[in-house]
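S.K.: Just a sequence and a predicted model for now, questions to come.
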Amino acid sequence: MGAYDQRRERARPHAYAGERQVARVPDRRHGPLGREASPRGRHAPDLGREGAAGRCTQVKRDARGFTLLELLIALTIVGALLVIAFGGMRVALAAWRKGEDRAEAHQHVRSIALVLARSISATYPYTATREQGPTPSLLFGGTATRLELVTQTAPYPASIPVAFTAVVFEVSTKEDRPGLVIRQRVLPNRNPFTDAEVAFNDPTVVELSFSYMDEGGAWQDSWDTEQRKNLPRAIRIGVGTRIGGRAETLPPLTVSLRVGTE
């Protein structure tokens, strides 16, 4: 008996035939029938019908979307952003148009000055009678706002090539033809300046000035060939325009004369 009892004490216990070993199932925190578990703990007391009603209310509140107030606020923000964007575009467009107008006005006054400079640089000491005078004289004369000369490069050439053209530059204040007026008459001809015909008129030119450099390098406001008997060494031109209320004045342009006479 003693040996038998010792063997039974050392033996491992055996499970009964009717018992089965079952592994523990992990808790995935899901309620019965697959419904989502309550946020409360697994072993928390059941809240009953009031707790279930609270959970249903929370689900419905999250699923209903934006309210009318939220929609109005969103539309207000979008409208404000659109107003800011279109305002910026309007300012940029106005600045672009302003720059284009300024560039156009500057280019216009520059083109006028270049036309005058090209003809003045080709001034020739042409001698002929003025009006009905019997004595030939140098066909050149100028004041601060008017210039008469004979050039080999007419501002607007005739249909046939000619060597010399009498030209008059002035700013007219007449209502029918205001602004810059350029008159031309081919030579030889009588009364080259008084009978010259209008070849160009630009009403946007509101300012035209001339200065004449003498032999000593001083600038004069007028030039009379009856007294000086020669051409000036250079002529300084000033041109100003007004387009659409915008005034544009070009810096004075000095043109040297290539020939002179005593």
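M.R.: Cool, the structure landed.
S.K.: List the contacts of stretch 144-153.
M.R.: In this structure, residues lying in contact with stretch 144-153 by CB atoms under 8 Å, 6 or more residues apart in numbering are 118-126, 139-142, 163-171, 187, 192-193, 208-211, 221-222, 235. (Glycine included, C-beta is placed from N, CA and C.)
S.K.: redo that, cut-off 7 Å
M.R.: Residues outside stretch 144-153 that contact it (CB atoms under 7 Å, 6 or more residues apart in numbering): 118-120, 122-124, 126, 139-142, 163-171, 187, 193, 208-210, 221-222.
S.K.: Please compute how far that stretch lies from its chain's middle.
M.R.: Stretch 144-153 sits 38 Å away from the centroid of its parent chain (CA atoms, centre = their mean, to the nearest Å).
S.K.: Please apply the same query to stretch 97-106.
M.R.: Between the mean C-alpha position of stretch 97-106 and that of its chain there is a distance of 8 Å (CA atoms, centre = their mean).
S.K.: how about that stretch: buried residues?
M.R.: For stretch 97-106, a neighbour-count test (16 or more other CB atoms under 10 Å) marks residue 105 as buried.
S.K.: repeat for stretch 198-214
M.R.: Burial within stretch 198-214, assessed by neighbour count using 16+ other CB under 10 Å, is assigned to 199, 202, 204-213.
S.K.: cool, stretch 145-161 as well?
M.R.: Going through stretch 145-161 with 16+ other CB under 10 Å, the ones that come out buried are 146-152, 154-155.
S.K.: returning to what we had before: farthest pair within the buried residues of stretch 198-214?
M.R.: Between any two of the buried residues of stretch 198-214, the greatest separation by CB to CB is 28.4 Å, found for 204 and 213.
S.K.: Helices of the stretch 1-150 of the chain, start to end?
M.R.: With helices called from DSSP state H, counting those that start in this stretch, the stretch 1-150 of the chain shows them at 2-10, 48-63, 68-121.
S.K.: neighbouring contacts of stretch 159-174?
M.R.: Where contact means CB under 7 Å, 6+ apart, the residues beyond stretch 159-174 that reach it are 116, 119, 124, 126, 139, 145-152, 154-155, 178-187, 192-193, 196, 205, 208.
S.K.: Return the mean pLDDT over it, rounded to an integer.
M.R.: Within the predicted structure, the mean pLDDT of stretch 159-174 is 90.
S.K.: And that stretch, end to end?
M.R.: Distance between the two ends of stretch 159-174: 29 Å, counting by CA to CA, to the nearest Å.
S.K.: buried set for it?
M.R.: With burial defined by 16+ other CB under 10 Å, the residues of stretch 159-174 counted as buried are 164-172.
S.K.: and of those residues, the nearest to residue 92?
M.R.: Of all those, the one sitting nearest residue 92 is residue 171; the distance, using CB to CB, is 37.7 Å.
S.K.: Am I right that the closest one falls within a strand?
M.R.: Yes: following the definition DSSP: H, G, I helix; E, B strand; the rest coil, residue 171 is counted among the residues of a strand.
S.K.: Could you measure from it over to residue 113?
M.R.: 14 Å (CB to CB, to the nearest Å).
S.K.: any low-confidence regions in the stretch 51-200 of the chain?
M.R.: For the stretch 51-200 of the chain, residues meeting the criterion pLDDT under 70 lie at 51-66, 131-133.
S.K.: again, only using 50
M.R.: With pLDDT under 50 as the threshold, the stretch 51-200 of the chain has low-confidence stretches at 59.
S.K.: show me the contacts for the spatially most central residue of the chain.
M.R.: Of all residues in the chain, the one closest to the mean position by CA atoms, centre = their mean is residue 96, 2.7 Å from it. The contact partners of residue 96, by CB under 7 Å, 6+ apart, come to none.
S.K.: pretty sure residue 231 contacts residue 140?
M.R.: Yes: taking CB atoms under 7 Å as the definition, residue 231 is a contact partner of residue 140 at 5.9 Å.
S.K.: Output whatever helix or strand residue 185 lives in as CSV, nothing but the C-alphas.
M.R.: Here residue 185, judged by DSSP states H and E, is contained in strand 179-186. Extracted as CSV, the C-alpha positions of strand 179-186 are listed here (Å, rounded to 0.1, in the frame of the first residue of the first chain):
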residue,chain,number,x,y,z
GLY,A,179,-1.9,120.9,-82.7
LEU,A,180,1.2,120.1,-84.8
VAL,A,181,1.0,121.2,-88.4
ILE,A,182,3.6,120.2,-91.0
ARG,A,183,3.5,122.0,-94.3
GLN,A,184,5.5,121.1,-97.4
ARG,A,185,6.2,122.5,-100.8
VAL,A,186,8.6,121.0,-103.4
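S.K.: Alright, I will stop here.
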